[in-house]
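> only geometry, no sequence info:
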């Protein structure tokens, strides 16, 4: 059975995409820690980051860094955070988000973004994506 993220990647479920290539996609979190909170997701269904082959791991980190720079340019946070948690969906994904301090890393404080908020944040990120 495909994961939730595979269903998003395949277009079966909606998402606000900001990047797609042959190895991964980037779309915005519907429960953002901050505006522009993005998920870097490999197309391959890998459950745990420890199982990620080094070339794919390196590509995911390269894309995450590019997304992070775009978040910095578009939203001007104090820092850009990165988390690989792996509890929410059994499909490897890298959270990249703007952070103001350490409390910004608490998933318990994540919000619920409307489709309009996601579209606006996606537009801002795509406009500056490197």
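Now that the structure is in, tell me what you want to look at. Computed from a predicted structure; not experimentally measured.

> and residue 104, what does it touch?
33, 34, 81, 97, 98 (Cβ atoms under 8 Å, 6 or more residues apart in numbering). From N, CA and C alone the C-beta is placed, and that goes for glycine too.

> Mind putting these into JSON lines with pLDDT and distance to residue 59?
Output for the contacts of residue 104, formatted as JSON lines (pLDDT from 0 to 100; distance: Cβ to Cβ, whole Å):
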{"residue": "33", "pLDDT": "97", "distance to residue 59": "24"}
{"residue": "34", "pLDDT": "97", "distance to residue 59": "25"}
{"residue": "81", "pLDDT": "98", "distance to residue 59": "20"}
{"residue": "97", "pLDDT": "98", "distance to residue 59": "20"}
{"residue": "98", "pLDDT": "98", "distance to residue 59": "23"}
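
> In strands, which of these fall?
Within the contacts of residue 104, residues falling in strands by DSSP state E are 81, 97, 98.

> what about residue 55, neighbour count?
Look at residue 55: counted by other Cβ atoms under 10 Å, it has 9 neighbours.

> ok, of the contacts of residue 104, which come out buried?
33, 34, 81, 97, 98 (16 or more other Cβ atoms under 10 Å).

> quick one: residue 17 and residue 50, what's the gap?
Counting by Cβ to Cβ, to the nearest Å, the gap from residue 17 to residue 50 is 27 Å.

> quick one, which of those two is more surrounded?
residue 17 (16 against 10).

> residue contacts, the one residue sitting closest to the centre of the chain?
Nearest to the geometric centre of the chain sits residue 39, at 1.3 Å (Cα atoms, centre = their mean). Residue 39 is in contact with 5, 26, 27, 28, 29, 93, 94, 95, 96, counting by Cβ under 8 Å, 6+ apart.
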